[in-house]
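S.K.: Here is a sequence together with a model predicted from it:
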Amino acid sequence: MKTIQGIPRQQMQFTSLEDLVTADNAVRIVDTFVEKLDPIAIGLPQIGIRQYDAKQQQSKTNPGGAPRFDDKLLLKLYLYGYLNKIRSSRKLQQECYRNVELRWLMQELVPNYHTIADFRKIHSDALKNLFKLYVHFLDELNLLGKKTLAVDGSKFRAVNSRKNNYNQKKIGKHQAMIAEKAENYLKELDELDSSDSYRNETDDNGPSYRKEEVEAALQRLMERKIKYDDLQQQLDNTEEKQISTSDSESRALIINKNIVEVSYNTQSAVDAKHHLFVHAEATNTNDGKALHRATLQAKENMNLTKEDSLDVLSDKGYHTGAQLQQCHDDNIETYVAFKEQPSVKHLQKEFLSTQFVYNKQEDTYTCPAGQTLTTLNTWHFKKGDAGETSYRFKTYRTPACKTCSLKKHCTRLNKRIIHRSEYQDAVDRNNENIRQNPDYYKRRQSICEHAFGTIKRQWGYTYTLMKGLQKVNGEMNLIMLVYNIKRTLSLLGFTKMLQALQNWKPDYSKMLCQFISNQMRRYWGQLVELFFLTANPSFNIKIGIKALPMKQEEFYNR
């Protein structure tokens, strides 16, 4: 039976790279998109400009020096890589040799993996600006509903193992174990010193050899003790409750129930119309205090003002009174899941605090027995885990409890006391929204979980390759940007998207304002650190600053 034969490998062909890439290949979308950008406007040279200027100056003074690669070229490489599940700088370098699409995109240029990796580390702010700029592009195409958002957080593992993450309990456990072992070794040395056999034995298997082993083990314990003493000192000099030694800004966060991973929590806002990201920011805390900031940033990215109304859907991890109140003040209606009040062992269901009716005009509560609970209008402070003031609350009570026949069903104290938070109105408003619109809230999972499922399950992006919040932020924005590009391509098709990009006129005015604001904020922070370090040399020890981001002379020049 005949078989299909290929052409001889020695056969010469006259062709070009253009002929090897089909007309509807997605790599052309990447090329068109990046070619439309002004690298300076999105802030590409903002951090790496000193290194680039040094290379350019070297090439002027030394003609034999190698010039640098174009920023656009490296940006194209990363967009293509993340679109095709290739994130490693070494693998990207390999693909530049053997991947026909990348050879076309890179015009046969092959950057070194160090150059590729440095671009991602240096230009984290530019990647964030690029994500926001693409959200504006989506807005121009009317792909954003701008009515309903789903805000959710997703954990991405950090470049830091659980073994290299320490809290007070873990450090204390190791210190106690070291102390116990050291005491045992010292006792054994005393016994060896006092034994008659030790003075008489001279062979290798006798007490003399054992003593050397114990002394070596004791020396290793002392080295470990120094390590944990240093960690304890670092923990005492900061307000943080844990220390990560590989990536100092990563934190041990709860992934699911009792599962804990050292990771970053990426807060994202997804528009409900086509499930497109409109905000992404990496944090190292849980969701409790992230709702207002995430929603407000999403409104800015979608060109919405404070007067524009917006609905936000979130899970119960975001149910915090202060956050709900701040959202309401900025014209954001919240639909955040809440926990039903748990049952109390010695209370019947009819006497839970939720069964007490609040009278807003008179600022009183009415209990199930019909008695009125009043307040002295004294604000009390609820303290958080770190000792900070979490919120204020007032207490309500009535003297009728002393003679009430239902008291034994209501409380074991002398009087039943009801606490009312200063944010209770916002909490009640949110809870009522959920009760009246259960189907509306159920849309949350189909909006944000769809996007995270694609990124983490289908693409395998469950971890970050960067260290530090700023760099991780850049990579997370790059991942969300690539998701939006791929999603837009599915919605519009190749031809319409290519035409839209060709006709697009990017508006960098907002990018420029944000870029200047970020630079001023960064320099102001450096100025404050410089002032305190100059006035008080011990300040760096108290706040745990290892070193200034730049030398004093360089800061003054800038």
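M.R.: It's in.
S.K.: for stretch 3-18, how far is the first residue from the last?
M.R.: End-to-end distance of stretch 3-18: 30 Å, with CA to CA, to the nearest Å as the criterion.
S.K.: and it, how far out from the chain's middle?
M.R.: Taking CA atoms, centre = their mean, to the nearest Å, one finds the center of stretch 3-18 at 49 Å from the center of the full chain.
S.K.: Tell me the buried residues in it?
M.R.: Buried residues in stretch 3-18, counted by 16 or more other CB atoms under 10 Å: none are found. C-beta here means a position set from N, CA and C on the backbone, and glycine is covered the same way.
S.K.: Same question for stretch 497-511.
M.R.: By neighbour count on 16+ other CB under 10 Å, the buried set for stretch 497-511 is 497-498, 500-501, 506, 508, 511.
S.K.: starting at the chain centroid, how far to it?
M.R.: The answer for stretch 497-511 is 28 Å, by CA atoms, centre = their mean.
S.K.: same thing with stretch 102-109?
M.R.: Distance, centroid of stretch 102-109 to centroid of chain: 33 Å (CA atoms, centre = their mean).
S.K.: Name the surrounding residues that touch that stretch.
M.R.: Stretch 102-109 is contacted from outside by 17-18, 20-21, 27, 30-31, 69, 73, 76-77, 80, 95-97, using CB atoms under 8 Å, 6 or more residues apart in numbering.
S.K.: returning to that earlier point: ok, the buried residues of stretch 497-511 vs Lys289, which is closest?
M.R.: Met511 (27.1 Å; CB to CB).
S.K.: Now do the SS call for Asn265.
M.R.: Reduced to three states with DSSP: H, G, I helix; E, B strand; the rest coil, the structure at Asn265 is strand.
S.K.: Now the buried members of the contacts of stretch 102-109.
M.R.: Buried among those (16+ other CB under 10 Å): 21, 27, 30-31, 69, 76-77, 80, 95-96.
S.K.: how about the most centrally placed residue in the chain, what does it touch?
M.R.: Against the mean C-alpha coordinate of the chain, by CA atoms, centre = their mean, the closest residue is Ala282 at 2.3 Å. Taking CB under 8 Å, 6+ apart, we find Ala282 in contact with 156, 264-267, 464, 469, 472-473, 476.
S.K.: any low-confidence regions in this protein?
M.R.: Low-confidence segments of the chain, defined by pLDDT under 70: 45-66, 195-209, 342-346, 384-389, 510-558.
S.K.: how about the strands in it?
M.R.: For the chain, strands defined by DSSP state E occupy the ranges 148-157, 165-167, 242-244, 251-256, 259-271, 276-283, 310-314, 332-336, 357-359, 364-366, 372-373, 380-383, 389-396, 418-421.
S.K.: quick one: the longest one to strand 310-314, angle?
M.R.: Relative orientation of strand 259-271 and strand 310-314, computed by axes from the mean of the first three to the mean of the last three CA atoms, to 10 degrees: 160 degrees.
S.K.: Output strand 259-271 in CSV, but only the C-alpha positions, please.
M.R.: The C-alpha trace of strand 259-271 is given here as CSV (Å, rounded to 0.1, in the frame of the first residue of the first chain):
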residue,chain,number,x,y,z
ILE,A,259,-5.5,24.3,54.0
VAL,A,260,-2.8,27.1,54.2
GLU,A,261,-0.3,28.1,51.5
VAL,A,262,2.3,30.9,51.4
SER,A,263,0.8,32.9,48.6
TYR,A,264,-0.6,36.2,47.3
ASN,A,265,-4.3,37.0,47.2
THR,A,266,-5.2,38.6,43.8
GLN,A,267,-8.3,40.8,44.1
SER,A,268,-10.1,41.0,40.8
ALA,A,269,-13.2,42.7,39.5
VAL,A,270,-15.0,41.0,36.5
ASP,A,271,-17.7,42.8,34.4
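S.K.: Next, the buried residues of that strand.
M.R.: Buried positions in strand 259-271, judged by neighbour count with 16+ other CB under 10 Å: 261-271.
S.K.: related to what we said a few turns ago, what two of the contacts of Ala282 are the furthest from one another?
M.R.: Greatest spacing in the contacts of Ala282, by CB to CB: Gln267 and Thr464 (14.3 Å).
S.K.: Just flag the most distant two among the contacts of stretch 102-109.
M.R.: Within the contacts of stretch 102-109, Leu20 and Phe69 form the most distant pair, 22.5 Å apart (CB to CB).
S.K.: in the stretch 451-558 of the chain, which spans are helices?
M.R.: Shown for the stretch 451-558 of the chain, the helices assigned by DSSP state H, counting those that start in this stretch span residues 469-492, 494-503, 509-535, 539-543, 552-557.
S.K.: brain fart, the stretch 101-250 of the chain
M.R.: Using DSSP H, counting those that start in this stretch, the helices of the stretch 101-250 of the chain run over 113-122, 124-140, 168-194, 196-200, 207-236.
S.K.: Now render these as JSON lines, adding distance to Thr372.
M.R.: Formatted as JSON lines, the helices of the stretch 101-250 of the chain follow (distance: least, CB to CB, whole Å):
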{"stretch": "helix 113-122", "distance to Thr372": "64"}
{"stretch": "helix 124-140", "distance to Thr372": "52"}
{"stretch": "helix 168-194", "distance to Thr372": "47"}
{"stretch": "helix 196-200", "distance to Thr372": "85"}
{"stretch": "helix 207-236", "distance to Thr372": "50"}
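S.K.: of all those, which lies closest to Pro438?
M.R.: Set against Pro438 and scored by CB to CB, the helices of the stretch 101-250 of the chain come closest in helix 124-140, at 29.8 Å.
S.K.: what's that closest one packed up against?
M.R.: Applying 3 or more CB pairs under 8 Å, 6 or more residues apart in numbering; DSSP states H and E, one finds that helix 124-140 contacts strand 276-283, helix 291-301, helix 469-492, helix 509-535.
S.K.: next one: the first one to chain centre, how far?
M.R.: It refers to strand 276-283. Centre-to-centre, strand 276-283 and its host chain are 9 Å apart (CA atoms, centre = their mean).
S.K.: Same check on the second one?
M.R.: On the basis of CA atoms, centre = their mean, helix 291-301 sits 15 Å off its chain's mean C-alpha point.
S.K.: Pull the residues that contact it.
M.R.: 132, 135-136, 149, 151, 267-269, 278-279, 281, 305-306, 308, 310, 312, 314, 318, 320, 323-324, 326-327, 330, 332, 334, 336.
S.K.: Quick check on these: which are buried?
M.R.: Taking 16+ other CB under 10 Å as the criterion, what is buried in these is 132, 135-136, 149, 151, 267-269, 278-279, 281, 310, 312, 314, 318, 320, 323-324, 326-327, 332, 334, 336.
S.K.: Save the contacts of Ala282 as CSV, and put in distance to Arg90 too.
M.R.: Formatted as CSV, the contacts of Ala282 follow (distance: CB to CB, whole Å):
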residue, distance to Arg90
Phe156, 21
Tyr264, 23
Asn265, 28
Thr266, 25
Gln267, 30
Thr464, 17
Leu469, 25
Val472, 20
Asn473, 23
Met476, 21
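S.K.: Among the residues you listed, which one sits closest to Gln436?
M.R.: Gln436 lies nearest to Gln267 out of the contacts of Ala282, by CB to CB, at 26.9 Å.
S.K.: Run through the residues that contact that closest one.
M.R.: Gln267 sits next to 151-153, 279-283, 287, 290, 293-294 when contact means CB under 8 Å, 6+ apart.
S.K.: which among those gets closest to Asn256?
M.R.: The shortest approach to Asn256 among those belongs to Gly153, at 12.5 Å (CB to CB).
S.K.: can I assume that closest one is in contact with Gly317?
M.R.: Yes - taking contacts as CB atoms under 8 Å, Gly153 lies within contact range of Gly317: 7.2 Å.
S.K.: higher neighbour count, those two?
M.R.: Between Gly153 and Gly317, counting by other CB atoms under 10 Å, Gly153 is the more crowded of the two (25 against 17).
S.K.: got the contact list for the more buried one?
M.R.: Residues counted as contacts of Gly153 (CB under 8 Å, 6+ apart) are 265-268, 283, 286-287, 290, 317.
S.K.: try it again with 10 Å
M.R.: Applying CB atoms under 10 Å, 6 or more residues apart in numbering, we find Gly153 in contact with 253, 264-268, 281-283, 285-287, 290-291, 294, 314-315, 317-318, 448, 452.
S.K.: Right, I'll leave it there.
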